[in-house]
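Trainee: got a sequence here, can you build the structure:
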Amino acid sequence: MYVAVKGGERAIDNAHGWLAEERRGDRAVPELTIPQIREQMTLAVNRVMAEGSLYDPDLAALAIKQARGDLIEAIFLIRAYRTTLPRLAGSRPVDTAAMAVDRRISATFKDLPGGQVLGPTFDYTHRLLDFALMAEAEPPTPLPSPRGGGEVPGAAAGQEAPPSPLVEEGWGGGPPRVPHVTGFLNRDGLIEAAPSSGATPPDLTRAPMELPADRALRLQALARGDEGFLLGLAYSTQRGYGRTHAFVGELRIGRVAVEVEIPELGFAVEIGEIELTECETVNQFKGSKTEPPQFTRGYGLVMGQSERKAIAMSLVDRALRWQDLGEDFTGAPAQDEEFVLMHCDNIQATGFLEHIKLPHYVDFQAELELVRRLRAEAETMPEAAE
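Mentor: Numbers count the residues shown, from 1 in each chain. Have a look, this model is predicted:
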């Protein structure tokens with residue numbers, strides 16, 4: 001038995017060495033650096049941060065490199081590292097209305113108050129391979145950044161664009177606030193009031209999931225859930241498995257300040273900023289036994305630029321609210337809280353799926369012996385009948 005264990009350790013060490021060689025690839029090709037991954041594979045970095053529940057682009061880039069591009073493995077690495085970090089403080093809720101937006105669009109209002117900002121998106125590109133990207137050449141001159149004081153679209157030459165009357169100025173002369181579209185519907189009572197209990201939400205990263213879960217806990221689980229799984233569930237609601245007809249009220253991507261209350265000072269201090277993607281959907285609702293006809297809300301908030309995930313999250317959030325709104329349960333997968341929340345976490349799913357690769361010799365031998373005995377009994381049954 002001792003010889004087998006030592007032999008197994010040598011095999012594992014050799015497997016690790018082979019893995020390192022495969023990760024490095026052809027040594028004639030320059031090795032990827034962490035800054036290259038962070039700056040040029042930002043959407044992959046954003047997904048690892050979001051589903052790993054840790055906002056750190058450098059560590060996410062390192063995890064992607066170490067995992068050879070396997071994003072779920074990279075998410076696993078980030079979550080494992082996250083458990084070693086101390087919890088120093090809790091931040092205040094971020095104010096997305098004060099977001100410095102890079103992208104802000106609405107599918108419900110053509111003349112969006114405050115303006116539509118297309119931002120960096122694949123939406124308007126042709127899905128054709130750009131072979132120019134394979135060329136070894138100097139990078140093109142970057143365009144002026146919207147944050148860098150470039151020309152404001154819609155402004156005449158030499159003039160500043162007049163401020164929109166619906167873009168409110170921040171408190172104390174701070175940055176302008178860009179109000180949410182659903183707020184304008186709310187003024188006329190056409191959409192349900194934003195549900196909020198006011199209580200401090202539970203922390204899914206520090207306590208296990210308990211069902212039934214309130215909306216705050218569900219949103220946490222969805223925010224770190226697998227993008228592909230949520231995309232499939234969201235698509236199912238659009239095909240009729242959940243009876244939701246949604247419009248993107250607003251989708252915005254940008255940076256928000258993170259503030260922490262300092263008890264000794266008696267006020268909040270900004271400690272940095274993070275990039276977020278926020279989606280609010282406006283959903284058709286004919287009313288129920290408890291609620292009048294009105295529009296209802298779905299909500300998604302994800303770290304980094306991840307609009308597909310944010311939209312999918314908002315659709316699934318709305319489907320899960322059937323009980324809150326007095327709707328009937330139709331049996332749709334996206335309406336089943338236990339099904340959604342217990343299966344959306346790709347790390348739990350990966351662990352349970354891949355554990356079947358581990359040795360199950362005793363279990364299999366027991367089942368093999370059972371099958372042999374059942375076959376032997378089945379073969380003797382006709383003889384016994386004669």
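Trainee: all strands for the stretch 1-150 of the chain, in order.
Mentor: Taking DSSP state E, counting those that start in this stretch as the criterion, the stretch 1-150 of the chain carries its strands at 100-105.
Trainee: so D324 is in which element?
Mentor: Using DSSP states H and E, D324 sits in no helix or strand.
Trainee: just to check, it is in contact with R218?
Mentor: No - counting by CB atoms under 8 Å, D324 sits too far from R218 to count as a contact (10.6 Å). The way it works is simple: take the backbone N, C-alpha and C, and place the C-beta from them, glycine included.
Trainee: of those two, which one has the most company?
Mentor: Remark: of D324 and R218, R218 carries more neighbours, 24 against 14, as counted by other CB atoms under 10 Å.
Trainee: phi and psi next, for that one.
Mentor: Dihedral angles of R218 (phi, psi; degrees, to the nearest 10) stand at phi -60, psi -40.
Trainee: please name the nearest non-neighbouring residue to it.
Mentor: L320 (5.8 Å; CB to CB, 6 or more residues apart in numbering).
Trainee: same check, this time on P333
Mentor: Excluding the flanking residues, the one nearest P333 by CB to CB, 6+ apart is F339, at 5.6 Å.
Trainee: over to P293?
Mentor: G287 (4.0 Å).
Trainee: again with R87
Mentor: The spatial neighbour of R87 that comes closest, neighbours along the chain excluded (CB to CB, 6+ apart), is R206 at 7.7 Å.
Trainee: ditto for L219
Mentor: D317 (6.4 Å).
Trainee: contact partners of stretch 328-338?
Mentor: If you take CB atoms under 8 Å, 6 or more residues apart in numbering as the criterion, stretch 328-338 is touched by 211-213, 218, 233-234, 236-237, 241-243, 315-316, 319-320, 322-323, 339-340.
Trainee: buried residues, that stretch. List them.
Mentor: The neighbour-count check on stretch 328-338 (16 or more other CB atoms under 10 Å) flags 332-337 as buried.
Trainee: ok, stretch 277-284 next?
Mentor: Neighbour-count burial for stretch 277-284 flags 277-283 (criterion: 16+ other CB under 10 Å).
Trainee: where does pLDDT dip in the chain?
Mentor: The chain contains residues with pLDDT under 70 at 1-7, 136-176, 195-198, 382-386.
Trainee: the helices in it, which residues?
Mentor: 2-24, 34-40, 42-52, 57-66, 71-82, 181-187, 215-223, 227-238, 307-320, 337-343, 346-354, 361-385 (DSSP state H).
Trainee: which elements pack onto the longest one?
Mentor: In terms of contacts (3 or more CB pairs under 8 Å, 6 or more residues apart in numbering; DSSP states H and E), helix 361-385 is packed against no helix or strand at all.
Trainee: how many residues are close by R224?
Mentor: R224, neighbours per other CB under 10 Å, totals 21.
Trainee: so how many other residues sit close to H245?
Mentor: H245: 12 surrounding residues under other CB under 10 Å.
Trainee: T277 against R308, yeah?
Mentor: No - in this structure, T277 is not within contact of R308 by CB under 8 Å, at 9.2 Å.
Trainee: could you count how many residues lie near the closest residue to G225 other than its chain neighbours?
Mentor: If you skip the residues right next to it in sequence, G225 has C344 as its closest partner in space, 3.3 Å away by CB to CB, 6+ apart. Here the number of neighbours of C344 (other CB under 10 Å) works out to 22.
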